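# Sharing a sequence plus its predicted fold:
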Number of protein chains: 2
Amino acid sequence: MDRYLVISSDTHAGPPSEAYRDYVDPQYREAFDEDLATKLALRSIILEAASEEQEKFREEWEEETGDGGKLASYDPTVRDAELDKEGIAGEVIFPDADVLGGGASAPFSAGLQSSGELDGELVMAGARAHNRWLAELCSASPERRCGVATVPILHDIDGAVAEMQRVAAAGLRSMMIPTLWGDKPAYHDPMYEPIWSAAEDLDLVVNVHSGGSSKDILPGPGMVPIYATEAWWWAARPLWVLLWSGAFDRHPGLRLAVTEDGAWWLPDIVERMDEKWVGGHNTRKFGNLFRESIERKPSEYLGTNVFLGASTPSRYEISTRGRAGVRTLLWGNDFPHPEGTWPHTRESIHDVFHDVPTDEAAQILGLTAAEVYRFDVDKLASTVDRIGPTHEEVHG
Amino acid sequence: MDRYLVISSDTHAGPPSEAYRDYVDPQYREAFDEDLATKLALRSIILEAASEEQEKFREEWEEETGDGGKLASYDPTVRDAELDKEGIAGEVIFPDADVLGGGASAPFSAGLQSSGELDGELVMAGARAHNRWLAELCSASPERRCGVATVPILHDIDGAVAEMQRVAAAGLRSMMIPTLWGDKPAYHDPMYEPIWSAAEDLDLVVNVHSGGSSKDILPGPGMVPIYATEAWWWAARPLWVLLWSGAFDRHPGLRLAVTEDGAWWLPDIVERMDEKWVGGHNTRKFGNLFRESIERKPSEYLGTNVFLGASTPSRYEISTRGRAGVRTLLWGNDFPHPEGTWPHTRESIHDVFHDVPTDEAAQILGLTAAEVYRFDVDKLASTVDRIGPTHEEVHG
């Protein structure tokens, strides 16, 4: 019976926020307690401010999933059981399992909210704590997990490189950098060269993950809808900043994945970049600036250096695979976040992939993620044989 | 013989920078002289830094067009002759005709570079100067021209409203606001309410025009390609910020046009906004926030409140007209900028529109612009009869 190897390129894990205390370096525990108190207070405010509809959704969600994914966020046995039900053999694990303000996020905002405005010393302490916890989680069923270390690279390059060496030695194969640089230099700045060198040397996939947003949309009418409309862009931006900076020419082994950020925008943007690189009447005033910046046409970096962790892709997004490149898109389910497909991932895969040729579906559902994030496919074979979605289930 | 009414929703005009002196309020003339000296020095630097390819392009461009459009930028007779050759009956005129650093831009960066970081008093003085000059230009062949006043609304709301009243009284029918707010509040902030009220009351179309960009991409590898890749986004952003703020519900007569910013991105972004407004599993955690923000589905504001000045659209962009809405797209040629289609606009219109149904082509090429920017179509009839592209010319 033919089964798909399914790897979710986007899951989240973390213990209840208070449990990070033991993982924080002792000299930061007092600051940790203060940060935690602020976080818990904020959590109460969020819960109290929930509208009737939000409250109703929480209740339905927790009833449907048992506990809203709280236990599966950190207990490897419970987690594996949920992955099994979903047909998922392997997972690429980001921080901040925090579900509906439920309180599981990395200390000192070192997770998805990591940005240039934070205190560099504290956010690095928070990152170290999360990365230690994550390495432990990944030591259970290690063949199924690729933990994404969080590395706040904006504040202290040497410190960041040291943490990259540590997480690589601890067996983690990917790292997440802040989506927004805030008031720090953007990623085309030569100051980040040691980071890209180390990522290439240590074979760490560099990730950005959506969630952060510019601070210039202050509270006011429409704030949340505005945030939700433009969140994709802030996570997409590092792609063209790094690409045009020539980082992938200087570091051919450097790989960047943009995760949980949609896939609908990629072909259009990269095709516009290609047009500029190829050149035409409307770019002549720039001279050869585009060609001089990078060696290949921008789209030629897709699938070799640039990947898209396309969480819960729509049929429309998968239909653009020919433009984005079949080997550029990595399926994901955002487990256990409530905007993902859990606990209905099998149905969702059927809906989206039922008429996609099996070789292309296999690539997007798992084979590319296995290559990029270095999963051992042989070691996953028995899991796939046991729980992988069958071709019949997906296409029948 | 059937001819199209063609209105370019995107042209640029301005005298040589030094000629603005007489239009600047006397108390700012000393500051004007300093600003001009800086500008001319920068111009020399730009010209000297031009690469061989850029120099070659300038020579070819000036040979092909006579003088690169310098005289047509401010002399109404020369300008009308060029419009005639291009088949263009009417034009919507933005500032900064400045071609290849040639030195025709509004004082104190009051034109396309107007943003939150500038000195509020000076940029407003520069705006007043340009608007005075523009009203004079528009008094020649007034039926053919809609001047877009530049109004820096970020610094002094009362002063901006006063300038809006002045330009409306001077016969201008549109105004341009800064594309980027910089360190000032974004356009969802209630502080801008008097601006939207005045725009509605005075029947001034609010425009944003591409060209500005965030200051966070500092000089470094790939800077210009990065700028060119993301410039569209900065000009598109005011659209969803204003829309989600409910401004078009509070001011049903308010109209926003996003100009020279491509059209390829609009359907995807607005369809994502629609999905959120309609609601589904992946937005339930937000409750009713989207529906509570605005009365209609985002796409329903297109063609009534929101328009796209789609300069030099590609065939692909025009092919998306069903998704963007035929009444949303306004053709333009960016005259006399070298990235536009001048002096080959007639050929370009043929290339892009040859297989577009005549009623849709007529709408996009001119009828919608005539409605939105209030051109008197009857007064333009004799010009169209004389120079408008024939259906045979466009579709033959």
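Looks like it came in fine. Numbers count the residues shown, from 1 in each chain, chains lettered A, B, ... in the order given.
# wait, does the helix or strand containing A:Ala41 contact chain B?
Here A:Ala41 sits within helix A:29-49, counting by DSSP states H and E. No: using C-beta under 8 Å from any C-beta of the partner chain, helix A:29-49 stays clear of chain B, coming no nearer than 10.1 Å. To be clear about C-beta, it is placed using only N, CA and C from the backbone, and glycine gets the same treatment.
# buried set for that helix?
For helix A:29-49, the neighbour count (16 or more other C-beta atoms under 10 Å in any protein chain shown) marks A:Ala31, A:Phe32, A:Asp35, A:Leu36, A:Lys39, A:Arg43 as buried.
# how much space is there between the second one and A:Pro178?
It stands for A:Phe32. For A:Phe32, the distance to A:Pro178 (C-beta to C-beta, to the nearest Å) stands at 20 Å.
# about what we covered before: could you say what helices and strands the helix holding A:Ala41 packs with?
helix A:120-138 (3 or more C-beta pairs under 8 Å, 6 or more residues apart in numbering or on different chains; DSSP states H and E).
# Quick check: buried residues in the helix it packs on?
A:122-135, A:137-138.
# so what's the closest residue to A:Asp2 other than its chain neighbours up against?
Excluding its sequence neighbours, the residue lying closest to A:Asp2 (C-beta to C-beta, 6 or more residues apart in numbering or on different chains) is A:His391, at 4.4 Å. Counting by C-beta atoms under 8 Å, 6 or more residues apart in numbering or on different chains, A:His391 touches A:Asp2, A:Arg3, A:Tyr4, A:Thr358.
# same question, A:Ala168
Contacts of A:Ala168 (C-beta under 8 Å, 6+ apart): A:Leu202, A:Asp203, A:Leu204.
# Give the next helix or strand downstream of the helix or strand where it lies.
According to DSSP H and E, A:Ala168 maps onto helix A:157-169. As assigned by DSSP H and E, the chain's next helix or strand after helix A:157-169 is strand A:174-176.
# list the helices and strands that following strand packs on?
Going by 3+ C-beta pairs under 8 Å, 6+ apart, strand A:174-176 lies up against strand A:145-150, strand A:205-209.
# residues making contact with it?
Against strand A:174-176 from outside (C-beta under 8 Å, 6+ apart): A:92, A:94-95, A:114, A:146-151, A:164, A:167, A:199, A:204-209, A:257, A:373.
# Equivalent analysis for stretch A:234-249, please.
Stretch A:234-249 is contacted from outside by A:177, A:179-180, A:186-188, A:196, A:208-214, A:254, A:256, A:258-261, A:265-266, A:269, A:273, A:293-296, A:298, A:301, A:305-306, B:217, B:220-222, B:225-226, B:229-230, using C-beta under 8 Å, 6+ apart.
# Restricted to helices, list those.
Filtering the contacts of stretch A:234-249 for membership in helices, criterion DSSP state H, returns A:Trp196, A:Leu266, A:Ile269, A:Met273, A:Ser293, B:Pro225, B:Ile226, B:Thr229, B:Glu230.
# quick check, nearest of the residues you listed to B:Asn288?
Nearest to B:Asn288 out of these is A:Leu266 (C-beta to C-beta; 30.8 Å).
# Am I right that A:Trp342 sits in a strand?
No: A:Trp342: not assigned to a strand; according to DSSP: H, G, I helix; E, B strand; the rest coil it is coil.
# coming back round to it: identify whichever of the helices and strands packed on strand A:174-176 lies nearest to chain B.
Closest approach to chain B among these (C-beta to the nearest C-beta): strand A:205-209, 15.3 Å.
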